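Undergrad: Dropping a prediction and its sequence here:
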Amino acid sequence: MNIEIKNSNYTTQEKLQILADAAKYDVACTSSGSSRRGKKGELGNTEACGICHSFAADGRCISLLKILMTNHCAYDCKYCINRASNDVKRATFTPEEICELTIEFYRRNYIEGLFLSSGVLKNPTYTMEKMCETLLLLRTKYHFNGYIHVKTIPGASDELLAAAGYLADRISVNLELPTEESLRTLAPNKTMKTILNPMGKVQNTIAAHRMAIGKTAYMERSRGNQLLNNGIFSEISKRNYRESLEEKKKTDRLSDGKDGTLPSQKEMGRVDGLLTWDNAYQLAPRDMSGLKRRFAPAGQSTQMIIGATGESDYTLLQTTQQLYQGFDLKRVFYSAYIPLNEDDALPGLGTPTPLLREHRLYQADWLLRFYGFQAGELLSEEKPDFNELIDPKCDWALRHLEQFPVEIETASYARLLRVPGIGPKSASRITHARRYGRLDFASLKKMGVVLKRAHYFITCGGKQMYHTPVEASYIMRQLVSVDKKDVWNIEHSNESYVQLSLADFGIG
Amino acid sequence: MTCIYDAWSEALRIGHDQIQLKKEPILQQTMFDEYVHVDGDNVKAEKVIRSVRRDISDEAYLDVYYASLSVEEDALQAIYNFLRVGFAVGSKVLEQYSNPHVIRMLELRRKVGNESHHFNEFARFQSLDRKVYVSHLEPKSDVIMLVGRHFADRMPSEHWMIIDDNRKTACVHPKDGTNYLRYLTDDEFESLRKTEQYEDEYTEMWKTFFQAVAIKERENYVCQRNLFPIWKRKHAVEFRTLRI
């Protein structure tokens, strides 16, 4: 294939059309996690809560200008619309065009920042260099101080990775597929190693930077996590995780077998791979010293495609948990696979998008990050997939009915959080409010407890809301009917309706 | 704030339960009540603010401030009720989630806070001369000063103004200066309206981007309407062609 940067005759608008269209399958569009005040003479700040500026026809938020630098690609990943063997319109932005667009959009308050990804032009290093050049231009010449999320290209050099980290707020590498094996079938040019290696290095650098300014090595998590001993971010599970790694190392040396888990970064042999400011600094063609900023303050993230290969939800969730614990990722995104290419290794073109499965995985992801659950509690080898009918938390509760009902007036924060219908906010409100007086069901409702789910599992002042048996099959039946409409909506969200006409019956 | 001061001093004479605070204009008169019109008075307002911050907490004052911007009919009464509880209990009042007055206060605060956050998101600026950027909003609650505060941090070195079309007020930000509120005359308002019709190449490109980034296979207009209600779209350029 012939790849040149040929800015053929497309106008900027046409390029934007092509490259935004090509970038839309990337899911991450958050602008949160980084808080920076504005500066005089510069444009922009960042808000920790993130800001969505609009919502597209698919209901997904638009907060960043999500574009590819180019959709020329040397790789031939089977699932991707921009693979080398596809015949699609190809275009490339120049760095100036990207900067102009970002600045002008930002000033009109259309976007919150830039999300820059790219196809592989010539080779990873060349592509990454171009991307860094763009970011540098944006930060120096255009004085842009807003949010930037950059995708790194697997296989780019350390210097470039370092430069990208200093220039951007969030940096991410897409894992795409959770196992080495499916990566080999679907993305022949990528390996687990080229993806996890930069991830490990970025993690180490972020940790070093955080230590240097007096924070903990690990990223901030939601505050409730401090109270949860069982959660994946607690000290205990961090220690357990380290121990299990040691354990695994020993057994691996004996058997040298490959199980389904991700190799940790220690096994990759690059513990000392720290990206330094000097690395980045050498590279810059112009003076960057005015720019010395924190390394990727919003951390890193990744995304996985679901439904393209045969992995179970259990594998995906375990991988997710390992990514949070081993690589301290801020977020893991899931993307329901939409059939775009025809290939033997992929589901056929008409396969429906597994939207409900994606939804269940996100629900479970929240349970890991905010509710103190572990992947092993939600799913197991024997039961590897989520229940289609009810959400993972209800499902867990039904399998552990011996722990219910929970008494609202005395239960600990961690116990409250495990009740379906009670979230971090209502749980903390309950713990505050009960210090000042008795609670009843009406006030619980006002505090935000979803009683239609919760009332089967709680007692308040020793009484249940209604006389309901604490019995799995009964509660299951009730909960399914509560959620039926939502589930149906998700499954059928992209269908539309046409009025029947007589012609449909063969009359007229 | 002044009306709270007056109401409170009146209440000391006749009892708290006899007092009701309402916003003007009052459409439905009742038979047995006496109506007292209250004009703003800085000294009295200062006094109320000072005692709220001293006797309850700064956080509570912030809640009261947000609630006072609210469009809800009973906002003033809710503030008054909340302060009655607040002055009795002190700084712990904000944790008493089982008290209906406290809950109502938090609801108001959340509503106004959410609305201002939404307009941080959905405000669209447009400029005729690339120097002054103008944005039009039609918020229900009076949130433009809150929105303006967000943009003062974001774009400190630009001239811009945010206009509330319902109230005909503007939050003006001169380059490298501080925000101020201005009541617009009808002439000014009419001439500023024109900025909205103007579109340039970047508006076009934004619309292109907006269309291109949606995934057809996942189309979900219900979700879009939930997250971006139609009444908030009035001034968002990406929806303008769709309205014709």
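TA: Right, received. Where do you want to start? Numbers count the residues shown, from 1 in each chain, chains lettered A, B, ... in the order given.
Undergrad: in chain B, which spans are strands?
TA: Taking DSSP state E as the criterion, chain B contains strands spanning B:125-127, B:132-137, B:159-164, B:169-173, B:180-183.
Undergrad: would you list these in JSON lines and tack on distance to B:Met105?
TA: C-beta coordinates here come from the backbone N, C-alpha and C atoms, glycine included. Supplementary listing: the strands of chain B in JSON lines, determined by distance: least, Cβ to Cβ, whole Å:
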{"stretch": "strand B:125-127", "distance to B:Met105": "33"}
{"stretch": "strand B:132-137", "distance to B:Met105": "25"}
{"stretch": "strand B:159-164", "distance to B:Met105": "24"}
{"stretch": "strand B:169-173", "distance to B:Met105": "25"}
{"stretch": "strand B:180-183", "distance to B:Met105": "25"}
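Undergrad: can you pull the buried residues of stretch A:94-112?
TA: By neighbour count on 16 or more other Cβ atoms under 10 Å in any protein chain shown, the buried set for stretch A:94-112 is A:94-95, A:97-112.
Undergrad: what about dumping the CA coordinates of that stretch to PDB?
TA: Only the C-alpha atoms of stretch A:94-112 are listed here, as PDB (Å, rounded to 0.1, in the frame of the first residue of the first chain):
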ATOM      1  CA  THR A  94      -1.800  19.300   9.400                       C
ATOM      2  CA  PRO A  95      -0.900  20.300  13.000                       C
ATOM      3  CA  GLU A  96      -2.000  23.900  12.300                       C
ATOM      4  CA  GLU A  97      -5.400  22.800  11.100                       C
ATOM      5  CA  ILE A  98      -5.900  20.800  14.300                       C
ATOM      6  CA  CYS A  99      -4.800  23.700  16.500                       C
ATOM      7  CA  GLU A 100      -7.000  26.200  14.600                       C
ATOM      8  CA  LEU A 101     -10.000  24.000  15.000                       C
ATOM      9  CA  THR A 102      -9.400  23.300  18.600                       C
ATOM     10  CA  ILE A 103      -8.900  27.000  19.500                       C
ATOM     11  CA  GLU A 104     -11.900  28.300  17.500                       C
ATOM     12  CA  PHE A 105     -14.200  25.600  18.800                       C
ATOM     13  CA  TYR A 106     -13.100  26.100  22.300                       C
ATOM     14  CA  ARG A 107     -13.600  29.800  22.200                       C
ATOM     15  CA  ARG A 108     -17.200  29.300  21.100                       C
ATOM     16  CA  ASN A 109     -17.600  26.900  23.900                       C
ATOM     17  CA  TYR A 110     -18.400  24.000  21.600                       C
ATOM     18  CA  ILE A 111     -15.800  21.700  23.200                       C
ATOM     19  CA  GLU A 112     -13.900  21.100  26.300                       C
END
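Undergrad: which residue of chain B sits farthest from its center?
TA: B:Glu217 (37.6 Å; Cα atoms, centre = their mean).
Undergrad: hey, which helix is longest across chain B?
TA: Looking across chain B with DSSP state H, the single longest helix is helix B:100-122.
Undergrad: Could you check how far that one is from the centre of its chain?
TA: 9 Å (Cα atoms, centre = their mean, to the nearest Å).
Undergrad: Any idea how many residues pack against A:Pro154?
TA: Residues contacting A:Pro154 under the criterion other Cβ atoms under 10 Å in any protein chain shown number 25.
Undergrad: go on, A:Leu500?
TA: 8.
Undergrad: Phi and psi next, for B:Lys131.
TA: phi -120, psi -50 (degrees, to the nearest 10).
Undergrad: Might you report the residue contacts of it?
TA: B:His159 (Cβ atoms under 8 Å, 6 or more residues apart in numbering or on different chains).
Undergrad: Tell me the pLDDT of it.
TA: What the model reports as pLDDT for B:Lys131 is 81.
Undergrad: Would you mind naming what in the stretch 201-350 of chain A lies close to chain B?
TA: Contact residues, the stretch 201-350 of chain A versus chain B (Cβ under 8 Å from any Cβ of the partner chain): A:336, A:338.
Undergrad: cutoff 7 Å now
TA: Residues of the stretch 201-350 of chain A that fall close to chain B, judged by Cβ under 7 Å from any Cβ of the partner chain: A:Ile338.
Undergrad: I'd say B:Tyr183 and B:Cys171 touch.
TA: No. In this structure, B:Tyr183 is not within contact of B:Cys171 by Cβ atoms under 7 Å, at 11.4 Å.
Undergrad: Comparing the two, which residue is more hemmed in?
TA: Relative neighbour count places B:Cys171 above the other of B:Tyr183 and B:Cys171, with 24 against 10, counting by other Cβ under 10 Å.
Undergrad: wait, isn't the more buried one in contact with B:Val143?
TA: No. With contact defined as Cβ under 7 Å, B:Cys171 does not reach B:Val143; the gap is 9.8 Å.
Undergrad: hang on, the earlier thing: setting aside sequence neighbours, what's the nearest residue to the residue farthest from the centre of chain B?
TA: A:Ile338 (4.8 Å; Cβ to Cβ, 6 or more residues apart in numbering or on different chains).
Undergrad: tell me the mean pLDDT for stretch B:22-39?
TA: Mean predicted confidence for stretch B:22-39 is 71.
Undergrad: first to last residue in it, what's the distance?
TA: End-to-end distance for stretch B:22-39: 13 Å, by Cα to Cα, to the nearest Å.
Undergrad: List the neighbours of stretch A:461-476 that are in contact with it.
TA: A:398, A:401, A:404-405, A:409, A:438, A:441, A:451, A:455-456 (Cβ atoms under 7 Å, 6 or more residues apart in numbering or on different chains).
Undergrad: at 10 Å instead, please
TA: A:387, A:389-390, A:394-395, A:397-402, A:404-405, A:407-409, A:420, A:438-441, A:444-445, A:451, A:453-459, A:477-478 (Cβ atoms under 10 Å, 6 or more residues apart in numbering or on different chains).
Undergrad: what do you get for stretch A:346-354?
TA: Against stretch A:346-354 from outside (Cβ under 10 Å, 6+ apart): A:78-79, A:185-186, A:306-310, A:334-343, A:360-361, A:491-495, B:215, B:217-218.
Undergrad: Indicate which one of the strands of chain B is closest to chain A.
TA: Checking the strands of chain B against chain A by Cβ to the nearest Cβ gives strand B:125-127 as the closest, at 4.7 Å.
Undergrad: Break down the stretch 151-300 of chain A into its helices, ranges please.
TA: For the stretch 151-300 of chain A, applying DSSP state H, counting those that start in this stretch gives helices covering A:158-167, A:180-186, A:192-212, A:235-255, A:277-283.
Undergrad: Comparing those helices, which stretch has the densest surroundings?
TA: Comparing the helices of the stretch 151-300 of chain A by mean neighbour count (mean count of other Cβ atoms under 10 Å in any protein chain shown), helix A:158-167 comes out on top with a mean of 25.
Undergrad: pull the CA atoms of that one into CSV?
TA: Provided in CSV are the C-alpha atoms of helix A:158-167 (Å, rounded to 0.1, in the frame of the first residue of the first chain):
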residue,chain,number,x,y,z
ASP,A,158,10.0,6.5,25.2
GLU,A,159,11.0,10.0,24.4
LEU,A,160,7.8,10.6,22.5
LEU,A,161,5.7,8.9,25.2
ALA,A,162,7.3,11.2,27.7
ALA,A,163,6.6,14.3,25.6
ALA,A,164,3.0,13.3,25.1
GLY,A,165,2.5,12.8,28.9
TYR,A,166,3.8,16.2,29.7
LEU,A,167,1.7,17.9,27.1
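Undergrad: and it with helix A:192-212, angle?
TA: Angle, helix A:158-167 to helix A:192-212, by axes from the mean of the first three to the mean of the last three Cα atoms, to 10 degrees: 50 degrees.
Undergrad: packing partners for helix A:158-167?
TA: helix A:124-140, strand A:147-151, strand A:170-172, helix A:192-212, helix A:277-283 (3 or more Cβ pairs under 10 Å, 6 or more residues apart in numbering or on different chains; DSSP states H and E).
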